[in-house]
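**Q** got a predicted structure here, sequence first:
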Amino acid sequence: MTLVKFKPAHTSFAHSFSPLFESMWGNALTDVRGRDNSTTVPAVNIAEHQDAFLIELAAPGLGKDKFNISIKANAAGHNVLTIRAENSQTAETNTEANGTENVSKAPRYTRREFSYSSFERSFTLPTTVDADGILANYQDGVLLVNIPKREEAKTKEPRTITIS
């Protein structure tokens, strides 16, 4: 009996030819530190609190200067919060041939690799938020975006009415 490796039918065209390219050039989707350079969209947590919404976006390895956060009204008149980030890196490796014969004519090999990654996430904001009060903070690889609610949209504690 012959065992055949299972490959799901939904694999992408690029992944189908991945072994061919890896054998010729190495894994082109992995940078010099072994990280995957394929396009990914960062994970997001959205929490609703009594007085605000909180967006947590996982983007480790980026500096806060790499982010661009903007708010723009869409065609329907709703505010859309967009978070963008771009990052580029360059690594260079120089080696010279090690040999005792004809060292002056030894070839010099240079390999220069660069990586570029970017992402964009957009969120339609409810009409109950105060778009002018939005604050963002980047710490320990997580971008925190605090979106305050308008005063009339905040949930209020139940009020006890005394009977006289």
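**A** That came through fine. Residues are numbered from 1 along each chain as shown.

**Q** what about Asp51, distance to His78?
**A** Separation of Asp51 from His78 (C-beta to C-beta, to the nearest Å) stands at 21 Å. Placement of C-beta: from N, CA and C, glycine included.

**Q** actually, Leu125.
**A** For Leu125, the distance to His78 equals 7 Å [C-beta to C-beta].

**Q** same check on Val142?
**A** Applying C-beta to C-beta, the value for Val142 to His78 is 26 Å.

**Q** the two: which is more packed in?
**A** Val142 (15 against 11; other C-beta atoms under 10 Å).

**Q** Leu54 is in contact with the more buried one, correct?
**A** No: using C-beta atoms under 8 Å, Val142 makes no contact with Leu54, being 10.9 Å away.

**Q** count of neighbours near Arg159?
**A** Around Arg159 there are 5 residues (other C-beta under 10 Å).

**Q** let me redo that: Lys156
**A** 8.

**Q** per-residue pLDDT, Leu3?
**A** Per-residue confidence (pLDDT) for Leu3: 58.

**Q** I should have written Pro60 there, sorry.
**A** Per-residue pLDDT puts Pro60 at 88.

**Q** that one reaches Tyr138, doesn't it?
**A** No: applying C-beta under 8 Å, one finds Pro60 not in contact with Tyr138, separated by 10.4 Å.

**Q** who has more neighbours out of those two?
**A** Taking other C-beta under 10 Å, Pro60 and Tyr138 do not tie; Tyr138 has more neighbours (18 against 8).

**Q** how many neighbours does the spatially closest residue to the more buried one that is not a sequence neighbour have?
**A** Spatial nearest neighbour of Tyr138, chain neighbours left out: Lys64 (4.0 Å); criterion: C-beta to C-beta, 6 or more residues apart in numbering. Using other C-beta under 10 Å, Lys64 is surrounded by 12 other residues.
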